[in-house]
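Asks: A predicted structure for the sequence below; I have some questions about it.
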Amino acid sequence: MDYLEKLNPQQRDAAVHKEGPLLILAGAGSGKTSTMTHRIAYLIKEEGIAPYHILAVTFTNKAAKEMRDRVEDLIGEGTNMWILTFHSACLRILRKNAEFAGYNKDFVVYDPTDQKVVIKNCIKEQNVDEKKYPPNYVLSIISDCKEKAISPAKYAQINGVDFKSKIILDLYTAYEAVLKKNNAMDFDDLILRTVQLLEKNEDVLAYYQDKFKYIMVDEYQDTNFIQYRFIKLLAEAHNNICVVGDDDQCIYQWRGADIKNILDFEKDFKNTKVIKLEQNYRSHANILDAAHSVIEKNKGRKHKKLWTDKEKGEKIKYYRADNEKDEARYIAQEIDRLHSKELKYSDFAVLYRTNAQSRTFEEALSVREVPYRVLGGNRYYDRKEIKDIMAYMRLVQNTADDLSLTRIINEPKRGIGDKTLEKLKALASVRNESLFESLTDDEIVEGLPSKAVDSIKEMITVLSQYSQEKDNLKVSDIYDGLLVRTGYLKNLELQNTVEAEGRIENLLEFKSVIYDYEKDNLQLTLSEFMEKVALMSEIDNHDAEENAVVLMTLHSAKGLEFPVVFIPGMEDGLFPGWRAFEKADGIEEERRLCYVGMTRAMQRLYLTSADVRTLYGKTDYTKESMFLRELDKSLIDGDAIYEKKSSTGGYSGTDMGRNPGWSQGGGNDGYSGSEIFRPFDQLKYIKQGQGTGASGSKAGGSDLKEGDKVSHNKFGEGLVLSMEGSTVTIAFDSVGVKKLAKDIAPIKKI
Ligand code: ATP
Ligand code: MG
């Protein structure tokens with residue numbers, strides 16, 4: 001049990017707590033997450049609890065992965081324990097019980113970009129003014145409802161049917177109908193539908209209550225109503241629930257997080273053991289004191305103060321820049337200066353309030369040739385070509401997905417304009433079929449130009465084939481096949497532009513993402529892969545191994561730690577943001593965010609602001625952040641903080657020379673040095689492997705005969721038993737007899 005020796009007495013007390021509710025309420029960096037991982041290890045190693053009976057949930061995939069790694073280190077072996085985000089845990093439950101939840105088991109998950117497409121269509125169909133009801137606004141109301149388990153019917157009850165509520169209600173209802181029809185769920189649905197499933201099905205609930213005898217939740221202060229319900233339902237049977245959190249770090253109230261969940265935990269679960277941790281192991285004393293001097297201004301907080309036996313360390317550095325470019329230049333310069341043997345690039349983080357701030361840092365870091373990674377913002381998965389190919393893959397998984405089909409029906413060009421598409425959709429709707437299903441009927445496409453008819457038929461054939469064969473193919477084979485046979489790749493090649501070439505490279509890069517997952521899981525199925533990608537939250541691109549400065553929002557830095565942290569944009573209006581001034585608890589929530597940001601720093605903390613800032617194309621004089629003014633001055637080194645400064649400048653509306661020729665710069669591809677990524681070799685390989693036409697003789701087994709020995713990409717070696725029409729029957733050594741589609745089976749004669 002020497003792994004428990006490293007813990008302090010309170011931490012150890014919590015780690016060896018076996019039965020009954022446990023609440024660890026403590027400040028940043030006090031070892032809450034560490035204690036939880038030790039407790040998991042303790043339950044398994046000392047108490048003999050099967051990992052099968054443990055559920056540990058947190059908020060980001062990155063945090064879940066770190067937790068799993070730490071547990072595996074402690075127990076000395078790999079595990080497939082449920083250490084997951086809320087979303088992934090619910091998705092697993094739903095996938096297994098889809099029918100009970102009223103979905104087909106192949107349901108797909110829509111990300112925010114997809115949601116926006118759906119709601120935009122609804123707004124258009126209902127002739128609502130998009131300016132008065134912008135998609136994001138409507139979506140935020142829908143999301144808010146789902147987080148509180150408010151159905152459209154209930155929404156009507158609560159809000160009545162005045163003009164505005166009626167519009168929202170109709171949009172919400174239409175949105176839900178589209179998702180249902182497409183056999184799709186959005187992120188909020190994942191949790192909501194799981195809760196509904198558990199509430200309605202005693203047997204399913206009993207099964208999971210019995211399975212998860214020990215439940216743990218990290219960052220509990222950020223749970224919202226529906227997440228709370230989920231946990232409560234599962235824990236009710238045995239009450240072995242352990243939650244950890246810090247009320248000072250609740251930063252998701254704007255997304256429905258309810259701080260009461262943690263503050264009322266003791267009332268909620270009788271006989272709770274409460275453990276408080278008071279020693280901070282992360283930060284030098286000056287950093288901790290500075291963070292404390294800010295957070296103590298919050299009125300609605302329980303009094304608590306952390307201590308540390310670490311040295312005082314450097315004071316907090318404050319730099320008041322001339323403008324945002326100078327701010328970025330200063331930060332890049334400091335990173336360059338401090339970077340050394342002891343401090344790798346990946347030890348530095350720039351944590352900003354909004355993604356829009358990242359561009360100037362990218363530029364400044366590129367100038368100094370400092371490698372960096374931007375997390376969030378323009379995500380890799382948001383790129384057009386990736387969304388396109390994902391839409392194809394989704395259709396293979398679930399042909400009922402009209403949204404995906406709409407996206408790619410004319411991508412590459414198949415002669416289907418918007419009007420034609422609308423007509424096809426209307427026909428499908430009359431027939432009460434999915435778009436895909438209706439297009440399999442020749443009658444529907446009758447009357448279209450013959451070129452369009454041919455290309456639609458070919459597309460439908462390819463998608464049907466892959467859909468039927470999806471379980472017999474590796475994900476990478478499906479991917480290659482789709483790229484080639486849908487004509488998508490060819491079309492990019494023909495364009496012969498730099499942009500198209502970039503897109504091809506991205507598509508090839510995507511293959512290394514697939515390989516990576518296949519490497520870990522030889523039996524990876526298409527739906528598993530799609531889920532991994534769908535759930536890839538912004539934080540996931542953060543690879544600690546990569547030696548690059550990390551740029552991300554303060555929100556996504558929760559739970560992480562870095563030796564050197566920069567928080568730029570310390571200005572009223574930016575941080576705290578203007579909107580915070582309009583809401584009751586707005587400033588307090590921003591202050592907690594400031595506390596979260598400051599307490600990420602282990603050795604050095606920099607705060608910066610700019611005298612004049614251009615953001616969103618608007619230039620203004622700024623006023624230093626109230627949080628700077630609140631900070632204990634004796635802990636600050638650098639520029640003086642002005643107590644008063646006019647915030648009304650004459651610059652509004654002008655652009656102070658933003659660089660229009662902006663480019664992404666180096667160090668951000670995330671794949672440099674990867675062994676797998678050799679773009680143009682791969683292109684050759686993909687084409688050889690899959691042939692180029694629907695006949696696909698190279699990939700398929702058309703020239704096989706009975707008795708041939710063959711090798712299959714997924715199933716290994718086997719013997720051809722028979723050939724019949726388009727089907728070949730093969731007895732495989734590993735998986736027994738399989739019937740495969742001759743045209744697309746990745747088999748070779750040996
Ligand atoms: P946050 O509130 O930011 O999520 P936390 O309370 O979860 O923080 P951890 O991330 O678990 O804190 O721990 C912070 C740091 O302190 C880690 O580097 C961890 O390894 C270290 N640490 C935790 N407990 C101890 C201990 N007893 N002795 C030495 N180091 C410790
Ligand atoms: Mg933590």
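Replies: Done, it's in. Ligands and ions are numbered 1, 2, ... in the order given.

Asks: The strand of greatest length in the chain and ligand 1 in contact?
Replies: Longest strand in the chain by number of residues (criterion: DSSP state E): strand 601-615. No - using C-beta under 6 Å from any ligand atom, strand 601-615 stays clear of ligand 1, coming no nearer than 7.7 Å. (Each C-beta comes from the backbone N, C-alpha and C, glycine too.)

Asks: for the one residue in the stretch 451-600 of the chain that gets nearest to ligand 1, helix, strand, or coil?
Replies: Ranked by C-beta to the nearest ligand atom, the top residue of the stretch 451-600 of the chain for proximity to ligand 1 is Gly559, at 4.3 Å. Assigned with DSSP: H, G, I helix; E, B strand; the rest coil, Gly559 falls in the coil class.

Asks: do you know how far it is from Val350?
Replies: According to C-beta to C-beta, to the nearest Å, Gly559 stands 18 Å off from Val350.

Asks: Which one of these two is surrounded by more residues?
Replies: For Gly559 and Val350, the more surrounded residue by other C-beta atoms under 10 Å is Val350, and the numbers stand at 28 against 21.

Asks: ok now do Leu192, which residues does it touch?
Replies: For Leu192, the contacting residues are 146-147, 149, 226, by C-beta atoms under 8 Å, 6 or more residues apart in numbering.

Asks: which among those residues gets closest to Arg414?
Replies: Taking C-beta to C-beta as the measure, Arg414 lies nearest Lys146 of these, at 35.8 Å.

Asks: Can you get me a residue count around the nearest residue to the closest one once chain neighbours are set aside?
Replies: Leaving aside its sequence neighbours, Lys146 sits nearest to Asp188 (C-beta to C-beta, 6 or more residues apart in numbering; 3.7 Å). Using other C-beta under 10 Å, Asp188 is surrounded by 20 other residues.

Asks: Buried residues in the helix or strand hosting Asp188, which are they?
Replies: Applying DSSP states H and E as the criterion places Asp188 in helix 187-200. Neighbour-count burial for helix 187-200 flags 187-198 (criterion: 16 or more other C-beta atoms under 10 Å).

Asks: Could you export the helix or strand that comes right after that helix as PDB, CA atoms only?
Replies: Per DSSP H and E, the first helix or strand lying C-terminal to helix 187-200 is helix 202-211. Extracted in PDB, the C-alpha atoms of helix 202-211 (Å, rounded to 0.1, in the frame of the first residue of the first chain):
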ATOM      1  CA  GLU A 202     -36.900  -0.400 -13.900                       C
ATOM      2  CA  ASP A 203     -35.000  -3.300 -15.300                       C
ATOM      3  CA  VAL A 204     -32.400  -1.200 -17.100                       C
ATOM      4  CA  LEU A 205     -32.000   1.000 -14.000                       C
ATOM      5  CA  ALA A 206     -31.600  -2.000 -11.700                       C
ATOM      6  CA  TYR A 207     -29.000  -3.400 -14.100                       C
ATOM      7  CA  TYR A 208     -26.900  -0.300 -13.900                       C
ATOM      8  CA  GLN A 209     -27.400   0.300 -10.200                       C
ATOM      9  CA  ASP A 210     -26.100  -3.200  -9.700                       C
ATOM     10  CA  LYS A 211     -23.200  -2.700 -12.100                       C
END
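
Asks: picking that back up, quick one: which of the buried residues of helix 187-200 is nearest ligand 1?
Replies: After measuring the buried residues of helix 187-200 against ligand 1 - C-beta to the nearest ligand atom - the closest member comes out as Ile191, at 21.8 Å.

Asks: which residues touch that closest one?
Replies: Residues near Ile191 by C-beta under 8 Å, 6+ apart: 86-87, 90, 226-227, 230.

Asks: mind redoing it with 6 Å?
Replies: Neighbouring residues of Ile191 by C-beta atoms under 6 Å, 6 or more residues apart in numbering: 86, 90, 226, 230.

Asks: Smallest gap between the chain and ligand 2, at which residue?
Replies: Residue nearest to ligand 2 within the chain: Thr33 (3.3 Å; C-beta to the ion).

Asks: That residue: which element?
Replies: helix 32-45.

Asks: Can that helix be said to contact ligand 1?
Replies: Yes - shown here: helix 32-45 in contact with ligand 1 (C-beta under 6 Å from any ligand atom) through 32-34.

Asks: Rounded mean pLDDT for whichever helix or strand comes after that helix, please.
Replies: Note on helix 32-45: by DSSP H and E, the next helix or strand toward the C-terminus is strand 54-58. In this model, strand 54-58 has an average pLDDT of 96.

Asks: for strand 54-58, packing partners?
Replies: Under the contact criterion of 3 or more C-beta pairs under 6 Å, 6 or more residues apart in numbering; DSSP states H and E, strand 54-58 touches strand 214-217.

Asks: Quick one: distance of the strand it packs on to the chain centre.
Replies: 22 Å (C-alpha atoms, centre = their mean, to the nearest Å).
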